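Asks: give me coordinates for this.
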Amino acid sequence: MNIRKLIQRYLWWLYRPIKNRVKRIQYDRTMKKEAESLLHLPQADKRIFYLGITAHVNLGDLGQHYCILKWIQENYPDYSLVQFEANAVVYEKYGFINNLKTIYKTSDIIVFQSGYTTQDLGGLHNLMHEKVVSSLPAARILMFPQTIYFQKRENQEHTAKILNTANRMLFLARDFISYETAKEMMPNVTVKAFPDIVTTLIGTMSFNNSRDGVCLCTRNDGEKYYSKEEIDALELRLHNDGVRVFQKDTQSKATIREIRADLKGYIEREIESYSHYNVTITDRYHGTIFSLCAGTPVIIIKTTDHKVTTGADWFKGIYDGYVFVASDLKEAYDKASMLLSTNINHNLKPFFKEQYYDKLKLYFEEIWSR
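Replies: Below is the predicted model:
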């Protein structure tokens, strides 16, 4: 056994803190280097700063990242694109905000990552929005679709006061509750209700896989409403009916570096995985969308907040017969049993790409003329 393994085995109580400290130092150096890279960017006429890119391995959020990159490349191919994680942006020790203010030009665009990030539940994205807008209130800012939820009114008011100064920002709300909240918070900002950008992939892919059984895609975090025991009981009930059931989540086992190196492949393989089933039951919002991308009907079960169930409102009148909201697990079981015996056409139309995101550039640039 070499000396390193001996230290790890017998002196782990000393080794682990040292190892973590080394990792922190290395990470700080990386973030500082990223912030300093702003000062050495090519002097392109037009640049897009994409801030808050996904830094974890949830394929739903990475699906947003993939689709935002795709949208930027399709709509602003002549712009130079640079991307940064929220960590690099918010901490003063890295100097990102000061560097951004130094190099920012009026022709530049700032794009913020989509998601459940306008909130006070944790994370750095909301703080990132506040810091950037406070420093550059006149910037051209595109806020990709947000779910808004604040536990404390004073936190919502603080964020609202800052974001409301961004008079050239287009704020996209991901559900209709968030849309009403955004209009109340930011009367001086252009706000539109817009579906999650991953919906642009619905109707753009087709699969000929044989379908059998139920995909049970459920979360394991603070947003889950049903316990693991309840979900397992649902699986057992379906299994006792002779139904094949596969449990999964949208969390990848790969590293973020591996996923970024093959982002398109990881997202397409995740979507393809839903095409092997007759129906999906999920409390994941992107489990819903990925299932529809695969042409697979989906039954939505509730979480602790409004994000998933209200997100289903987008599909009413568009994908009727493919999206159902279950009030409880018994109803989810009943609807799954019905869908398992229903003959379904698994080809959907690319409604959201055509009706929303193909028009987004026009909506955004209308604000520039103010």
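
Asks: which parts of the stretch 151-300 of the chain are helices?
Replies: Using DSSP state H, counting those that start in this stretch, the helices assigned to the stretch 151-300 of the chain run over residues 153-163, 176-185, 228-240, 256-261, 263-274, 285-293.

Asks: looking at those helices, which is buried most?
Replies: Among these, ranked by average contacts under mean count of other C-beta atoms under 10 Å, first place goes to helix 285-293 (a mean of 28). Heads up, the C-betas are built off the backbone N, CA and C, glycines and all.

Asks: who's in contact with that helix?
Replies: By C-beta atoms under 8 Å, 6 or more residues apart in numbering, the surrounding residues in contact with helix 285-293 are 58-61, 63, 196, 198-199, 201-202, 204-205, 215, 217-218, 250, 270-271, 274, 280, 282, 297-298, 300, 307-308, 311-312, 315, 319, 322-323, 348.

Asks: now the most centrally placed residue in the chain: how far from residue 45?
Replies: For the chain, the residue nearest the mean C-alpha position is residue 61 (3.0 Å; C-alpha atoms, centre = their mean). Distance of residue 61 to residue 45, given as C-beta to C-beta, to the nearest Å: 31 Å.

Asks: cool, residue 223 as well?
Replies: Remark: distance between residue 223 and residue 45 (C-beta to C-beta) = 43 Å.

Asks: who's more crowded, the two?
Replies: The neighbour comparison of residue 223 against residue 45 (other C-beta atoms under 10 Å) goes to residue 223, with 16 against 10.

Asks: might you report the residue contacts of that one?
Replies: Residue 223 is in contact with 283, 303, 304, 305, 307, counting by C-beta under 8 Å, 6+ apart.

Asks: what about it, distance to residue 337?
Replies: Distance of residue 223 to residue 337, given as C-beta to C-beta: 27 Å.

Asks: likewise for residue 282?
Replies: Going from residue 282 to residue 337 by C-beta to C-beta gives 17 Å.

Asks: turn the contacts of residue 223 into CSV, columns for pLDDT and neighbour count.
Replies: As requested, those are exported to CSV (pLDDT from 0 to 100; neighbours: other C-beta atoms under 10 Å):
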residue, pLDDT, neighbour count
283, 92, 25
303, 84, 20
304, 78, 12
305, 72, 17
307, 66, 22
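
Asks: tell me the one of these nearest residue 230?
Replies: Lowest distance from residue 230 to the contacts of residue 223 (C-beta to C-beta) belongs to residue 283, with 11.1 Å.

Asks: just checking, the closest one touches residue 227?
Replies: No. Applying C-beta atoms under 8 Å, one finds residue 283 not in contact with residue 227, separated by 11.8 Å.

Asks: which residues of the chain score low on pLDDT?
Replies: 1-28, 306-307, 370 (pLDDT under 70).

Asks: let's see that with 90 instead.
Replies: 1-45, 91-95, 219-226, 303-313, 342-347, 368-370 (pLDDT under 90).

Asks: in it, which strand is the longest?
Replies: strand 140-149 (DSSP state E).

Asks: all strands of the protein, in order?
Replies: Using DSSP E, strands in the chain cover 47-51, 80-84, 109-112, 115-119, 140-149, 169-173, 190-193, 214-217, 245-248, 279-282, 298-300, 323-325.

Asks: ok, the spatially closest residue to residue 104 that is not a sequence neighbour - contacts?
Replies: What sits nearest to residue 104 in space, not counting adjacent residues and going by C-beta to C-beta, 6 or more residues apart in numbering, is residue 136, at 5.9 Å. Residues near residue 136 by C-beta under 8 Å, 6+ apart: 100, 101, 104, 110.

Asks: just the buried members of those?
Replies: With burial judged by 16 or more other C-beta atoms under 10 Å, the buried subset of those is 100, 104, 110.

Asks: who's more crowded, residue 282 and residue 337?
Replies: Between residue 282 and residue 337, residue 282 has the larger neighbour count (other C-beta under 10 Å), namely 26 against 16.

Asks: I'd assumed residue 226 was in contact with that one.
Replies: No. Between residue 282 and residue 226 there is no contact under C-beta under 8 Å: 11.4 Å.

Asks: residues near residue 206, how many?
Replies: Counted with other C-beta under 10 Å, residues neighbouring residue 206 total 11.

Asks: so it versus residue 350, what's the distance?
Replies: Distance, residue 206 to residue 350, using C-beta to C-beta: 11 Å.

Asks: then residue 180?
Replies: 28 Å.

Asks: follow-up on the earlier one: out of the contacts of residue 223, who's nearest residue 342?
Replies: The nearest one, if we look at these relative to residue 342 and count by C-beta to C-beta, is residue 283, at 22.4 Å.
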